[in-house]
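Asks: no sequence on hand, only this structure:
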């Protein structure tokens, strides 16, 4: 059998099935499982990539029945029972893998609401590459502000706009506010703590998936951290210098900001559309494909689709999209593995039932909000809960210890161990012999250079 | 005063001078100090970038007299006493910084002996980006081999050529041999331990800077690890499929290999040439500028040049280039700081005297060779020495602990925590509707897909 995707859902299914006498092929574009809920911490320099990612081959090194294929799945031939893929490494000629049972867990990606070119100026923290790019932009903005003589330009380097006030947006905003404070001692010409952090949200409250009382608490916490939250606003346009916001009632606003981070809505993987087309189904506005209560593709009990690329259609004709959370994907992964085992024994599939495990989001260094089975937590206790849950879920034992140590240091020293600007190394070409350039070194508070 | 370069030499000088009542500007292209001797471990996935790099601003956060400027220095106007630079972040308009004393510590880079385009197919581990690119190529080579049906092609994916048998080349070769063994359990179709690791050296022994007896020991150790060392050979050509080697006596050889790593000779930073041109001096074959015994630029006692971008000219007319090692740069950095203090007190400069602190290189997981003050060590004891020295030199306390933990895990588990392929994410475009592609899934040992 074949599993597409090594995220929370696919990995959970694969681990359950690896213990059975099943020949399993796990296909993923990347060679690692990514611990998505902590990727934003890579973007803010608190963690290193290797601390939130775990090599897939290593997970299954003792399972001789599990093959891992590093490839992108471009099509699913439902009648021929084959997936078409293009390897990521090597010659990259397209190829086919046959399946008798298929689990598709290809996840979602950030949506720019039809403006894909916005990604150039407003990166999102979904991939490690995106997170490292955001890290570089945040750190370079402070560096640019330090060298900028013009006050207005300096202010635009020190303005950070985060689009979308879901858990990722709220956590990013809180962390950037803390970075700005932590870096104060590092700069001489500029006061990094004067940075403006603006959190933009289309809805009327932050953390819409949480109860309104926790949204209100979060809003107050963000304000204390120095984050300005702007509700009821959508992005009408953006470039590398500014963001334009539209409001239902009122004129549009233009904010001069050099750094924009995208944490707004997601759309399902394109594979959801491929499956819908092949099975002659439609997709919803977020590109999700509708599956039956047992998570199988209508008309294809041998194809199970899980995670945030699906809507579930109930027998009464209504349908729901569950929240795009790791626990949902993991529960569905376990359910899919059980379904495969039932099919092997000739039994029929059972409907999937979601057990709500709650919601968690951090707010800065030692505060969080949590809602677990109608219990609402906030502050330090919620943060300890958040910490425990995230450490327990981190897949590799080594990672857990490393992350804990790094957090402990970060907490004690108010430092950021992974504060490296990487990825845009300039060539070493030296331009000699041109003396006809601006003569003064422009600095906001240019001290005289002297050596005594 | 101004220091150019935050490597071992520049950082050492800056730390010594930061304690004096001196206004200091430290200019570097990167926002971090890089612990060069361990960068090769990032290339082999044993360490993360943040574990071998330390943010420069953090080092000097408590020194209000130290300004850090993220910029590339493109020229030094010796008569006007100004350095010209281009900021790395922001608008990047060229600017000038005035100095009364200047320390230039711009280091070196790998030389491709006039074939700079070889870097495309033979990356070097001098920068973090280079190291991550090498890591990706090594891991992708195994992935490609796993999917390659043709035996000859598979062999070329499993051939790793390392050019240059200095400490970096020897250490890389040893580590790749270990990776190949460690990964054996991770792959199903291919035996990763059948990889060929070829170490190419132009000279007649490995580790030419060490005594011949240690070179011989190293050669035997490499052979035990599975590394084939090829001496007296130079690279005559290379592309993404092969390397051609030339020998003084004998025909040239062509080796089919997809992965080539460059660890051959270095040339001085282009700033050495700039200084030489401005001071009307010449550079040697490796681009190094000649300085006086006291490390000052001839005719410019206010300009000190240190590290592996210089040759020292002795009063008798001869000149020497010291080895490009961290201890040399650090001793010269301390000497330069002392010289600045002497100048401030109106005293004349003193000649620099190099104190040989020895040579160290690792060979695989628990073996090393060392030569310290005529004492020659090899095996486990040399490795413990190597470990201690490298941990003591790591600048940030946090890094030391993290590196030690990661090494301990790597040692116990034979795993590689940072085994991530990052940096070449393919776009998510899906090519639907084309069924007319190769029908069979070509695998070396194609098991039948079944679910029972």
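Replies: It's in. A quick note: this is a predicted structure, and the numbers were derived from the prediction, not measured. Numbers count the residues shown, from 1 in each chain, chains lettered A, B, ... in the order given.
Asks: what does the stretch 101-250 of chain A put close to chain B?
Replies: A:101, A:109, A:127-129, A:132, A:139-141, A:143-148, A:153, A:157, A:183, A:185-189 (Cβ under 8 Å from any Cβ of the partner chain). The C-beta positions use only the backbone N, C-alpha and C, and glycine is treated the same way.
Asks: now the buried members of these.
Replies: A:101, A:109, A:127-128, A:132, A:139-141, A:143-148, A:153, A:157, A:183, A:185-189 (16 or more other Cβ atoms under 10 Å in any protein chain shown).
Asks: among those, which are in strands?
Replies: residue A:109 (DSSP state E).
Asks: next step: the buried ones among the residues of the stretch 101-250 of chain A next to chain B restricted to helices.
Replies: Secondary structure assignment by DSSP state H places A:128, A:132, A:139, A:140, A:141, A:143, A:144, A:145, A:146, A:147, A:153, A:157 of these in helices.
Asks: following the longest strand seen in chain A, which helix or strand comes up?
Replies: Identified as the longest strand of chain A according to DSSP E is strand A:66-77. Counting by DSSP states H and E, the element after strand A:66-77 in chain order, helix or strand, is strand A:82-87.
Asks: what about that following strand, distance to the chain center?
Replies: The chain centre lies 25 Å from the centre of strand A:82-87; the measure is Cα atoms, centre = their mean, to the nearest Å.
Asks: got it, and stretch A:276-289?
Replies: 23 Å.
Asks: ok, now stretch A:263-279?
Replies: For stretch A:263-279, the distance to the chain centre is 17 Å (Cα atoms, centre = their mean).
Asks: kindly report the same for stretch A:210-218.
Replies: Worked out by Cα atoms, centre = their mean, stretch A:210-218 lies 22 Å from the chain centre.
Asks: tell me which residues of it are tucked away?
Replies: Result for stretch A:210-218 [16+ other Cβ under 10 Å]: buried residues A:210, A:214, A:215, A:217, A:218.
Asks: Provide the secondary structure category for residue A:27.
Replies: Here residue A:27 is strand, with the state taken from DSSP: H, G, I helix; E, B strand; the rest coil.
Asks: so it touches residue A:69, yeah?
Replies: Yes - if you go by Cβ atoms under 8 Å, residue A:27 and residue A:69 touch, sitting 4.8 Å apart.
Asks: quick check: neighbours shared by those two?
Replies: Residues touching both residue A:27 and residue A:69 (Cβ atoms under 8 Å, 6 or more residues apart in numbering or on different chains) are A:85, A:97.
Asks: picking that back up, closest to residue B:298 out of the ones in helices among the buried ones among the residues of the stretch 101-250 of chain A next to chain B?
Replies: residue A:147 (33.1 Å; Cβ to Cβ).
Asks: in the stretch 101-250 of chain A, which spans are strands?
Replies: A:102-104, A:108-110, A:122-123, A:159-163, A:196-200, A:227-230, A:233-238, A:242-247 (DSSP state E, counting those that start in this stretch).
Asks: single out the most deeply packed of those strands.
Replies: Among these, strand A:102-104 has the highest mean neighbour count (mean count of other Cβ atoms under 10 Å in any protein chain shown), at a mean of 29.
Asks: show me what that strand packs onto, helices and strands only.
Replies: strand A:2-4, strand A:300-305, helix A:326-344 (3 or more Cβ pairs under 8 Å, 6 or more residues apart in numbering or on different chains; DSSP states H and E).
Asks: now with 6 Å?
Replies: Packing partners of strand A:102-104 (3 or more Cβ pairs under 6 Å, 6 or more residues apart in numbering or on different chains; DSSP states H and E): strand A:2-4, strand A:300-305.
Asks: can you lay out the strands of the stretch 101-250 of chain A as JSON lines showing distance to residue A:56 and mean pLDDT?
Replies: Output for the strands of the stretch 101-250 of chain A, formatted as JSON lines (distance: least, Cβ to Cβ, whole Å; pLDDT from 0 to 100):
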{"stretch": "strand A:102-104", "distance to residue A:56": "15", "mean pLDDT": "98"}
{"stretch": "strand A:108-110", "distance to residue A:56": "19", "mean pLDDT": "95"}
{"stretch": "strand A:122-123", "distance to residue A:56": "25", "mean pLDDT": "96"}
{"stretch": "strand A:159-163", "distance to residue A:56": "31", "mean pLDDT": "98"}
{"stretch": "strand A:196-200", "distance to residue A:56": "34", "mean pLDDT": "98"}
{"stretch": "strand A:227-230", "distance to residue A:56": "36", "mean pLDDT": "97"}
{"stretch": "strand A:233-238", "distance to residue A:56": "35", "mean pLDDT": "96"}
{"stretch": "strand A:242-247", "distance to residue A:56": "37", "mean pLDDT": "96"}
